[in-house]
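Chemist: mind folding the following:
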Amino acid sequence: MFSSMNTAGAFLINTIFDMYIFILIMRIILVAIRIDYYNPMSQFVVKLTQGIVTPIRKIIPNYKNLELATVLLVILVEALKFFLLGLLLVGIPNIFGILVLSVADALQFSLNIFFYAIIIQAIFSWVQPGNTQITYILARMTGPLMRPVQRTIPPIGGIDITPIPVMIGLKLLIILVTMPLLSLGQAMAFS
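Modeler: So this is what the prediction gives:
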């Protein structure tokens, strides 16, 4: 049975690491969709990540619009998170299981970011229609996922229902791809 201190420690590790992983994944996304460097969201993300990404980028350059250094950093931060959680809760974990967990959790985190970006974009379209910096970023983020479905499913009665199948597809990817990888990683790391 875990003590309250172990549970509190696991909560803190998870929360702090997940906040930074979110910012790192947002950096990858903002660079990939070519958001203006001087956009306030870009500036926020860059200022929180530049100090750690720049030295790695000297070794691992970008590939087109993909920041490979940041991708590696996401995997490393995920690995450190799961290693610390393993030490706190069960003992020394298996490193290969930690790597599988890291990749799976980063993928699940990314898919969830797109899922919630679609929800937030839909809410903004109802509550505050028009162009703001956040709606611009959300439209650029979700556009590559939404456009193919929008070409297939026209608006029904003036209402765009394309977010629904896209969100279903994202959740199916999480269920069919990342959850089995997470289970495999947990079995490898903590057994």
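Chemist: low-scoring stretches of the protein, by residue?
Modeler: Within the chain, the segments meeting pLDDT under 70 span 1-2.
Chemist: and with 80 instead?
Modeler: Applying pLDDT under 80 to the chain flags residues 1-2, 128-131.
Chemist: skipping adjacent residues, who's closest to the spatially most central residue of it in space?
Modeler: The residue lying closest to the centre of the chain (Cα atoms, centre = their mean) is Ser110, at 2.7 Å. Using Cβ to Cβ, 6 or more residues apart in numbering and skipping residues adjacent in sequence, the residue nearest Ser110 is Ile25, 5.6 Å away. In this view, the C-beta of every residue, glycine as well, is placed from N, C-alpha and C.
Chemist: look up how far Glu67 lies from that neighbour.
Modeler: Taking Cβ to Cβ, to the nearest Å as the measure, Ile25 and Glu67 are separated by 10 Å.
Chemist: more neighbours, the two?
Modeler: Comparing Ile25 with Glu67 by other Cβ atoms under 10 Å, the one with more neighbours is Glu67, at 24 against 19.
Chemist: test my guess that that one contacts Val53.
Modeler: Yes - the pair Glu67 / Val53 is scored as a contact, 7.3 Å apart, by Cβ atoms under 8 Å.
Chemist: need the residues touching each of the two.
Modeler: Arg27 (Cβ atoms under 8 Å, 6 or more residues apart in numbering).
Chemist: what are the buried residues along the helix or strand harbouring Ala117?
Modeler: Assigned by DSSP states H and E, Ala117 falls within helix 95-127. Residues 97-115, 117-118, 121-122, 124 are the ones in helix 95-127 that count as buried (16 or more other Cβ atoms under 10 Å).
Chemist: and for stretch 177-191?
Modeler: Applying 16+ other Cβ under 10 Å to stretch 177-191 flags 178, 181-182, 185-186, 188-190 as buried.
Chemist: go on, stretch 5-23?
Modeler: Per 16+ other Cβ under 10 Å, stretch 5-23 contains these buried residues: 9, 13, 17, 20-23.
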